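Undergrad: structural data only, the sequence is not supplied:
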């Protein structure tokens, strides 16, 4: 997701970190960059940006600005753009530099590379070529939103941006309706109201959801409620900024003896009857006593 970097105050505690001018090992280094506040960057990321032989970015202007904020000089190093419209020639150029033993730092416009970012194709090509690759982890809008949402975080599904066309978007949401995990989506503020209204119909009006807006920035806002409530709130106001939408997991489907038996057949291959009954009862949301009896019958 795009992001405008926000400078911090002039307090002495905000003094810039001086990156270590050490040699960066050859290979591709993915660098996570701030999604809003410029100081949300790791010291390791700054070291990589300071020491890499070549700088690669989804948006070179954003990367140059970030480096300026943190006092990292370019030092005559090449800055190469790599984005959705880069051709095969640009890909081969980067692979050739890696094959020569150069260290390349790749930064997305904002957040973690490969999360709604063109770095995926580059990562796949580098892996296929057997060239070294690592990452300096850091900010990610999806994880930041999940942290603030209050929704279950033990299992989540990142679905990216929904299709803009209404029919494709409806099919997209129908596929997500039964997912037993917290859903995380990115959306344009202009399409947010329509998305929430369609979610209320497709996923269920009472499903709990959260809308996070402008995370880590001055006007950060978190809205919570049912999909129907949120659709009403958003329709009544003008929404701006970067948006993350999260929806609680689907309610478990009503279990039948057939579905319980099928689940038991799978887990009994690796679990005891006692453990299998506990696992299936918790997973399907049914009485352990009932599951245990079915398990014994299938074992007998």
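TA: It's in. The shown structure was predicted, so the numbers you read here are calculated from the model rather than taken from an experiment.
Undergrad: domains for this protein, by residue range?
TA: Using automatic domain parsing, the domains assigned to the chain come out as 12-139, 142-247, 257-299.
Undergrad: let's have those domains in a markdown table, adding distance to residue 4 and mean pLDDT.
TA: (Glycine included, C-beta is placed from N, CA and C.) Formatted as a markdown table, these follow (distance: least, Cβ to Cβ, whole Å; pLDDT from 0 to 100):
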| stretch | distance to residue 4 | mean pLDDT |
| --- | --- | --- |
| domain 12-139 | 7 | 91 |
| domain 142-247 | 8 | 95 |
| domain 257-299 | 43 | 86 |
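Undergrad: can you redo these as TSV with mean neighbour count?
TA: Output for the domains of the chain, formatted as TSV (neighbours: other Cβ atoms under 10 Å):
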stretch	mean neighbour count
domain 12-139	18
domain 142-247	17
domain 257-299	16
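Undergrad: in TSV: the ones you listed, plus distance to residue 5.
TA: TSV is the format used below for those (distance: least, Cβ to Cβ, whole Å):
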stretch	distance to residue 5
domain 12-139	5
domain 142-247	10
domain 257-299	44
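Undergrad: list the contacts for residue 228?
TA: Residue 228 sits next to 200, 205, 206 when contact means Cβ atoms under 8 Å, 6 or more residues apart in numbering.
Undergrad: please repeat the previous calculation with a cut-off of 6 Å.
TA: 200, 205 (Cβ atoms under 6 Å, 6 or more residues apart in numbering).
Undergrad: same question for residue 249.
TA: Shown in contact with residue 249 (Cβ under 6 Å, 6+ apart): 180, 181, 182.
Undergrad: how about the secondary structure of it?
TA: Recorded secondary structure, residue 249: coil (DSSP: H, G, I helix; E, B strand; the rest coil).
Undergrad: separation between it and residue 153?
TA: Distance, residue 249 to residue 153, using Cβ to Cβ, to the nearest Å: 11 Å.
Undergrad: likewise for residue 212?
TA: Separation of residue 212 from residue 153 (Cβ to Cβ): 14 Å.
Undergrad: same question, residue 110
TA: As judged by Cβ to Cβ, residue 110 and residue 153 stand 22 Å apart.
Undergrad: over to residue 252?
TA: To residue 153, residue 252 is 18 Å away according to Cβ to Cβ.
Undergrad: what of residue 65?
TA: To residue 153, residue 65 is 32 Å away according to Cβ to Cβ.
Undergrad: equivalent analysis for residue 195, please.
TA: Applying Cβ to Cβ, the value for residue 195 to residue 153 is 22 Å.
Undergrad: now do the helices in the stretch 51-200 of the chain.
TA: Using DSSP state H, counting those that start in this stretch, the helices of the stretch 51-200 of the chain run over residues 60-69, 88-99, 119-128, 141-149, 166-176, 192-202.
Undergrad: just put these in CSV and tack on distance to residue 33.
TA: Listed next are the helices of the stretch 51-200 of the chain as CSV, based on distance: least, Cβ to Cβ, whole Å:
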stretch, distance to residue 33
helix 60-69, 6
helix 88-99, 18
helix 119-128, 12
helix 141-149, 11
helix 166-176, 28
helix 192-202, 24
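Undergrad: which one of these lies closest to residue 222?
TA: Nearest to residue 222 among the helices of the stretch 51-200 of the chain is helix 141-149 (5.5 Å), distances taken as Cβ to Cβ.
Undergrad: which residues sit against the closest one?
TA: Helix 141-149 is contacted from outside by 1, 35, 111, 153, 156, 158, 184, 210, 212, 215, 222, 244, 246, using Cβ under 6 Å, 6+ apart.
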